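1. requesting a structural model of the entry that follows:
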Amino acid sequence: MKQKYNKQIANAVKSFWETKKKQGNVLAGKQLDSFLDMLANVAVDAGVPRECIYLKNNHIPGYYRATKDWDFLIVSPKGNLISAIELKSQVGSYGNNLNNRVEESLGSAEDFWTAFREKAFVCNQSPWLGYLMVVGKDEGSTHIVKVNEPHFHVDSEFIDSTYLDRYRILCQRLVLEHKYNAVALITTTGCDNYESIAENISIDTFINSFIGYLLGLTDEFK
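-> Sure thing, here's the model as predicted:
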């Protein structure tokens, strides 16, 4: 099933770089729109009506904040929240932005699940929460990063690690600690190249998890 979307994933990576080139160094905007379109196609193939998929104005209530605008939402005709997905990218300035990505991903997940517990939005069952991250694979992201240990020793997994290693550790632990149902880490060197660096956080695993969840909810969309 995953091979069906290989071309769409490749096209999304190409669109990411082409849009980024047009935007220069501006990271916000439409660079990940093709990934949103790909995820929408996956959902439609799994039986979700197109009108139940929302790619903009996706504010839902939070717990620690009033609302959070997710990149991708599925809401059933009955008004139940089915899925929310956040998409992020990082090319360059890895040292300045990795910690921000850690805090954002953790904060969004904690806010979401606490709001779910407090019944801030309507659900028949636990929604599927996803996080998709595109990171450049280049000299800046693949060199060993020094750790600072002035008072205590850091986790040994971070020793002699690159920024890509640290993104991998983040994504794997987000899944391990059940912060997200699935996380995808896509690394890319340019328009015609992308790869996954660990199977449990690959785009294929992400899509298969997403499809499996949606196929179990066909009654929500009747």
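
2. okay, CA-based contacts and neighbour counts for the rest of this
-> Noted.

3. do a quick rundown of the helices in this protein.
-> 6-23, 33-45, 94-117, 139-142, 163-176, 203-215 (DSSP state H).

4. could you check the angle helix 33-45 makes with the first one?
-> Put simply, helix 6-23 runs at 150 degrees to helix 33-45, going by axes from the mean of the first three to the mean of the last three Cα atoms, to 10 degrees.

5. packing partners of helix 6-23?
-> On a contact count with 3 or more Cα pairs under 8 Å, 6 or more residues apart in numbering; DSSP states H and E, helix 6-23 meets helix 33-45, strand 182-190, strand 193-196.

6. got it, and the fourth one?
-> Other helices and strands packing on helix 139-142, by 3+ Cα pairs under 8 Å, 6+ apart, are helix 163-176.

7. thinking again about what came up before, ok, which of the helices of the chain comes nearest residue 156?
-> Among the helices of the chain, helix 163-176 comes nearest to residue 156, with 11.7 Å by Cα to Cα.

8. list the buried residues of that closest one.
-> Neighbour counts over helix 163-176 (16 or more other Cα atoms under 10 Å) mark 163-172, 174-175 as buried.

9. what do you get for stretch 100-110?
-> For stretch 100-110, by 16+ other Cα under 10 Å, it's 101, 105-106, 108-110.

10. ok, now stretch 78-90?
-> For stretch 78-90, the neighbour count (16+ other Cα under 10 Å) marks 80-90 as buried.

11. farthest-separated two in those?
-> The farthest-apart pair in these, when distances are taken by Cα to Cα, is 80 and 90, at 32.2 Å.

12. give me the low-pLDDT residue ranges for this structure?
-> The chain contains residues with pLDDT under 70 at 1-2, 23-29.

13. how about 80 then?
-> 1-3, 22-29 (pLDDT under 80).

14. can I get the buried residues of stretch 100-110 in TSV including distance to residue 15?
-> As requested, the buried residues of stretch 100-110 are exported to TSV (distance: Cα to Cα, whole Å):
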residue	distance to residue 15
101	22
105	24
106	28
108	26
109	28
110	31
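
15. between those residues, which is nearest residue 134?
-> residue 101 (11.6 Å).

16. and the gap between the closest one and residue 68?
-> Distance of residue 101 to residue 68, given as Cα to Cα, to the nearest Å: 16 Å.

17. hmm, back to that, which of the buried residues of stretch 78-90 fall within strands?
-> Counted as lying in strands by DSSP state E, out of the buried residues of stretch 78-90, are 81-90.

18. in TSV: those, plus distance to residue 144.
-> Formatted as TSV, those follow (distance: Cα to Cα, whole Å):
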residue	distance to residue 144
81	42
82	40
83	36
84	34
85	31
86	28
87	26
88	23
89	21
90	18
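
19. just those now: which is nearest residue 19?
-> Looking across those and measuring by Cα to Cα, the closest to residue 19 is residue 89, at 12.6 Å.

20. ok, residue 16 touching residue 10?
-> No - here residue 16 does not reach residue 10: they are 9.8 Å apart, not a contact under Cα atoms under 8 Å.

21. with neighbour numbers in mind, choose between those two.
-> residue 16 (21 against 18; other Cα atoms under 10 Å).
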